[in-house]
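# next comes the sequence, and after it the predicted model I'd like to discuss.
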Amino acid sequence: MEKNMTYEQAFEELRSIASEIEDETVSVDVLADKVKRASELITFCQTKLRSTEVEVNKIIKQMERKSIPE
Amino acid sequence: MEEIEFIKLSDLSRKIEQVFKQVFASEFYWIVAEVSGHKFYPDTDRHYFDLVEKSANSEVEVAKFKAKSWSEGSASIAEFEHQTGQSFQSGIQVLIKVKVEYHGLYGLSLTLLEIDPSFTLGNIEKQRRETLLRLVRENEDCIFLVDDEFITKNKKLHLPKVIQKIALVASPNSEGYSDFAHTMLNNQHQYKFETDNYFSTVQGKDAEKELINTLISIYTSGKKYDCVVMIRGGGAKTDFLVFDTYNLSRAVARFPIPIITGIGHHKDVSIVDMMAHSPTKTPTKCAELIISHNRKFEEEVLALQQSILIKSQQILSKSLSAINEIKGSIIGNVQFLLNEQQNEMVSMMMTISSKPNLVVQRKLQTLDFIHQKLQSQSLQFIQKKSSEMNHYVKVMKLMSPVNILKKGFAIISMNDKVLINTDDVAVGSKLKINMYQSEIDTVVTKKDDTDGKKYDL
């Protein structure tokens, strides 16, 4: 997750994923990736709403560490 | 030297008191004046002040009286403050009912009996209208009146989807501040906020200037606030007039960060409310607005999540059913093909198993036929041959030497050899002549050649 992402950016991306899926312009091959990204964005928004900036940065760092492939 | 008659000062004052009593005791007057040098003593519930009249176009005082109010007048003042939202203080124009009094020690003064709120309200309203007109007139670039509504630069600002960084303008330790802070902290969604407090006086004669300076320091802090919250609430229901002042209203209208107000105004709206991005009625409502603003965002996110979930499940099940359909049609087709092949095989098997019999039967029939034909034809042949034989027998019989002999022919032989020509026959040769049922031996006496034509048929 990008560190300086704003709610607006996250929401825009989320909305575009939703409309791609709604319009069925997403192939089944990338559907899982899109849904995963959407879930990340939602988690980001919900976490950010309930944390201070410092906490958010900590959480994002943790998410980044987790997503680095071993 | 003639002795001058004099009286004591107290005698004079008593005299004057008498005159005043005669003239003014039962009289009272409604007057319009400006309050100045106001002091209030809450313990005794007394107001002391001056009443001044200034010339119409200058600030020159043309009349001035000492004035005071006892409990009756003070009660009227309290009611006035409640109704107008204007505290009784220096600088305001009032319509009051007064009694003229003279006291030997304290001199001439007016006693306030009643104060008319509607006059001040009218004045305030007039002032408000003038301020509003001036705001529109002098700020054409950022304040517009559209269909009875004021559109300002601040109102046109985009309020971020989520409000989290807040510059809070409030007076410290005020009820309004704690209402706001409490509501924000204990919101049911556990949203976090980062609030920087910018404390400022929000009432009194310095409030306008202080509030403007506070806004300036918010701006110059360089921090990216999502919004400015300006609250004032609780406490006495007076002295909101700072929120109707021209300079503060103008600053709010022009401010580059969205301003949300929660001014517990006793009236519907202040001018600052009209200029601000989002006005609310109280500090608590202001906090609730921010929380529900954030909640609205979260709900939008959750709605997207819901629709993504539902739709992607639909897409998956659609693809699955498409695959199943293909699978079904493959199975169906394969089964059909297999059936067809099987049927063909069965029919071929039938053909294979039945055909040889048929062929054999047919061949047998043919054989039978041939057999019969052979039988019948050989019989016929034999019959035919035998009839032919019979014919030949007949012919043979006809041709047999006996029969020929019977017809008168003779067989001539010489030296036991049958003669077929007469080359070796000479006169004197002994010949044997065989005829039917007789044999003659003879000797040749004569031999002549003939042309043979005599017996040529």
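Received the coordinates, thanks.
# does stretch A:47-57 come close to chain B?
Yes. Residues of stretch A:47-57 are located near chain B by Cβ under 8 Å from any Cβ of the partner chain, namely A:48-53, A:55. (Each C-beta comes from the backbone N, C-alpha and C, glycine too.)
# now stretch A:24-44
Yes. When contact is scored as Cβ under 8 Å from any Cβ, part of stretch A:24-44 falls within range of chain B: A:24, A:26, A:28, A:31, A:34-35, A:38-39, A:42.
# run a quick neighbour tally on B:Leu51.
22 (other Cβ atoms under 10 Å in any protein chain shown).
# picking up where we left off before, can you flag the buried ones in the residues of stretch A:47-57 next to chain B?
Buried subset of the residues of stretch A:47-57 next to chain B (neighbour count, 16 or more other Cβ atoms under 10 Å in any protein chain shown): A:48-49, A:51.
# could you export those as a markdown table, including pLDDT?
Listed next are these as a markdown table, based on pLDDT from 0 to 100:
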| residue | pLDDT |
| --- | --- |
| A:Lys48 | 88 |
| A:Leu49 | 90 |
| A:Ser51 | 85 |
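# in helices only, show me the residues you listed.
The members of these that map onto helices under DSSP state H are A:48-49.
# now, among the buried ones among the residues of stretch A:47-57 next to chain B, which is nearest to B:Ile420?
Nearest to B:Ile420 among these: A:Lys48, at 151.7 Å, using Cβ to Cβ.
# residues touching the closest one, list them.
A:7, A:56, B:162, B:164 (Cβ atoms under 8 Å, 6 or more residues apart in numbering or on different chains).
# now the last one: phi and psi?
It stands for B:Gln164. Phi and psi for B:Gln164, reported as degrees, to the nearest 10, are phi -130, psi -40.
# how close does it get to B:Asn154?
Distance, B:Gln164 to B:Asn154, by Cβ to Cβ, to the nearest Å: 19 Å.
# can you map out the helices along chain B?
Listed from the start of the chain, chain B has helices (DSSP H) covering B:9-24, B:71-84, B:117-138, B:153-156, B:175-185, B:207-220, B:246-254, B:271-275, B:283-399, B:401-406.
# among these, which is nearest B:Val425?
Scanning these with Cβ to Cβ as the criterion, the closest one proves to be helix B:401-406, at 20.5 Å.
# restricting to C-alpha, output that closest one in PDB.
Once non-C-alpha atoms are left out, helix B:401-406 reads as follows in PDB (Å, rounded to 0.1, in the frame of the first residue of the first chain):
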ATOM      1  CA  PRO B 401     -23.500-105.000 -93.800                       C
ATOM      2  CA  VAL B 402     -26.300-107.400 -93.200                       C
ATOM      3  CA  ASN B 403     -28.900-104.800 -94.000                       C
ATOM      4  CA  ILE B 404     -26.800-103.600 -97.000                       C
ATOM      5  CA  LEU B 405     -26.400-107.100 -98.000                       C
ATOM      6  CA  LYS B 406     -30.100-107.600 -97.600                       C
END
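# quick one: contacts of it?
Outside helix B:401-406, the residues within contact range by Cβ under 8 Å, 6+ apart are B:397, B:411, B:434-436.
# on the three-state scheme, the residue nearest the centre of chain A is what?
If you average the C-alpha coordinates of chain A and look for the closest C-alpha using Cα atoms, centre = their mean, you land on A:Leu41, 2.2 Å from that point. Reducing the assignment at A:Leu41 to three states with DSSP: H, G, I helix; E, B strand; the rest coil gives helix.
# would you confirm that it contacts A:Glu13?
Yes. With contacts counted by Cβ atoms under 8 Å, A:Leu41 reaches A:Glu13, the gap being 5.9 Å.
# just give the number of residues close to B:Thr201.
Applying the criterion other Cβ under 10 Å, we find 17 residues in the vicinity of B:Thr201.
# repeat that for A:Arg37.
When neighbours are defined as other Cβ under 10 Å, A:Arg37 has 15 of them.
# which one is it nearest to, not counting chain neighbours?
Spatial nearest neighbour of A:Arg37, chain neighbours left out: A:Ile17 (6.4 Å); criterion: Cβ to Cβ, 6 or more residues apart in numbering or on different chains.
# then B:Met230?
B:Val169 (4.5 Å).
# circling back to that earlier point, deepest-packed of the helices of chain B, please.
Per residue and on average, the most neighbours among these fall to helix B:271-275, with a mean of 25 (mean count of other Cβ atoms under 10 Å in any protein chain shown).
# output the contacting helices and strands for that helix.
Applying 3 or more Cβ pairs under 8 Å, 6 or more residues apart in numbering or on different chains; DSSP states H and E, one finds that helix B:271-275 contacts helix B:117-138, strand B:149-152, helix B:246-254, strand B:259-263.
# may I have the beta-bridge partners of the residue nearest to B:Met230?
B:Tyr198, B:Met230 (DSSP bridges).
# list the contacts for it?
Contacts of B:Val169 were listed using Cβ under 8 Å, 6+ apart, and they are B:198, B:200, B:202, B:211, B:214-215, B:218, B:228-231.
# rerun at 7 Å
Under the criterion of Cβ atoms under 7 Å, 6 or more residues apart in numbering or on different chains, the neighbours of B:Val169 are B:198, B:200, B:211, B:214, B:228-230.
# lowest-confidence one in these?
By predicted confidence (pLDDT), the lowest-ranked of the contacts of B:Val169 is B:Ser200, with 88.
# mind checking how far that residue is from B:Gly176?
For B:Ser200, the distance to B:Gly176 equals 12 Å [Cβ to Cβ].
# ok, now B:Ser376?
Following Cβ to Cβ, the distance that separates B:Ser376 from B:Gly176 is 139 Å.
# that older thread, from the residues of stretch A:47-57 next to chain B, which is closest to B:Glu138?
A:Glu53 (39.9 Å).
# quick check: closest non-adjacent residue to that closest one.
In space, and not counting its chain neighbours, A:Glu53 is closest to B:Glu194: 6.8 Å by Cβ to Cβ, 6+ apart.
# quick check, pLDDT for the one you found.
With respect to pLDDT, B:Glu194 has a value of 93.
# what's across from it in the sheet?
Per DSSP bridges, the residues bridged to B:Glu194 are B:Lys165.
# B:Leu379 versus that one, what's the distance?
Between B:Glu194 and B:Leu379 the distance is 132 Å, computed by Cβ to Cβ.
# mind listing what B:Lys64 touches?
The neighbours of B:Lys64, taking Cβ under 7 Å, 6+ apart as the test, are B:50, B:52.
# kindly report the same for B:Leu110.
B:Leu110 makes contacts with B:51, B:65, B:67, B:98, B:100, as judged by Cβ under 7 Å, 6+ apart.
# ok, what's across the strand from the nearest residue to the first one once chain neighbours are set aside?
The one in question is B:Leu51. Nearest-residue entry for B:Leu51: B:Ala33, 3.9 Å, with adjacent residues in sequence omitted and distances by Cβ to Cβ, 6+ apart. In this structure, B:Ala33 has beta-bridge partners B:Val94, where bridges are defined by DSSP bridges.
# now for chain A, the helix or strand with the poorest mean pLDDT.
Sorting the helices and strands of chain A by mean pLDDT, DSSP states H and E puts helix A:53-67 at the bottom, at a mean of 72.
# tell me where the chain is predicted with low confidence.
Picked chain A for this. Across chain A, the stretches falling below the confidence threshold (pLDDT under 70) are A:1-3, A:66-70.
# oops, chain B please
Chain B contains residues with pLDDT under 70 at B:1, B:234-239, B:265-268.
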